[in-house]
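A.B. asks: Sequence plus the predicted model coming up.
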Amino acid sequence: MAAHRTDIHIERPGSEDWGRIVDILRHANFHHIGGPEMPAFPLADCFVAVVDGRIVGVAGYRILDPSTAKTTLLAVAPECRSRGIGEALQRERMDHLRGLGIKTLHTNTDDPRVVDWYLRHFGYRVTGNTTPKVAPFGRADRDHWIGLVVDL
């Protein structure tokens, strides 16, 4: 599937998209929705990336208070990675939250490559906080989340 930045459409998902979203999350071991690491993943609080009429990525968020939010899950189908889809999802998520008046956005990741990606592309900084994982979720070789934050 050829995907170029101009071919990516970011939109809100519908309930009929849930199966495809879970399929994408499964590749990152983020599919255990309803468990201790991710009790809920409301479709109203996420975006999907669509290429050639097919959902190829997903990104969620949770508003914590009127000025603070947290990203939840971001995953891209393996065959579509390194094509700007994750970046398009993250930019849409940040723009949306900024438009709601959110000033501070927190993110957790368990992957040092993803930490670097957030730092390089979006201006995040590492908080120095780590949070132990409470269930198998994300990378199996990591037992904690790395805290990041960005000012919107």
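C.D. replies: Yep, it's here. Residues are numbered from 1 along each chain as shown.
A.B. asks: drop to CA atoms for contacts and neighbour counts, all remaining ones
C.D. replies: Will do.
A.B. asks: Now do Val58: how many residues are near it, please.
C.D. replies: With neighbours defined by other C-alpha atoms under 10 Å, the count for Val58 comes to 29.
A.B. asks: how close does it get to Ile85?
C.D. replies: From Val58 over to Ile85 the distance is 9 Å, taken as C-alpha to C-alpha, to the nearest Å.
A.B. asks: Ile102 too?
C.D. replies: 23 Å.
A.B. asks: Name the residue in those two with the higher neighbour count.
C.D. replies: More crowded of Ile102 and Ile85, by other C-alpha under 10 Å: Ile85, with 28 against 20.
A.B. asks: Using CSV, write out every CA atom in whichever strand or helix holds Val114.
C.D. replies: Val114 belongs to helix 112-122 when assigned by DSSP states H and E. This file holds the C-alpha atoms of helix 112-122, laid out as CSV (Å, rounded to 0.1, in the frame of the first residue of the first chain):
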residue,chain,number,x,y,z
PRO,A,112,13.4,4.7,23.5
ARG,A,113,13.0,5.1,19.8
VAL,A,114,9.5,6.6,20.4
VAL,A,115,10.9,9.0,23.0
ASP,A,116,13.4,10.2,20.4
TRP,A,117,10.6,10.6,17.9
TYR,A,118,8.5,12.8,20.2
LEU,A,119,11.5,14.9,21.1
ARG,A,120,12.7,15.5,17.5
HIS,A,121,9.3,16.1,15.9
PHE,A,122,7.1,17.6,18.5
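A.B. asks: Show me the longest strand that occurs in this protein.
C.D. replies: Counting residues, the longest strand found in the chain (DSSP state E) is strand 54-65.
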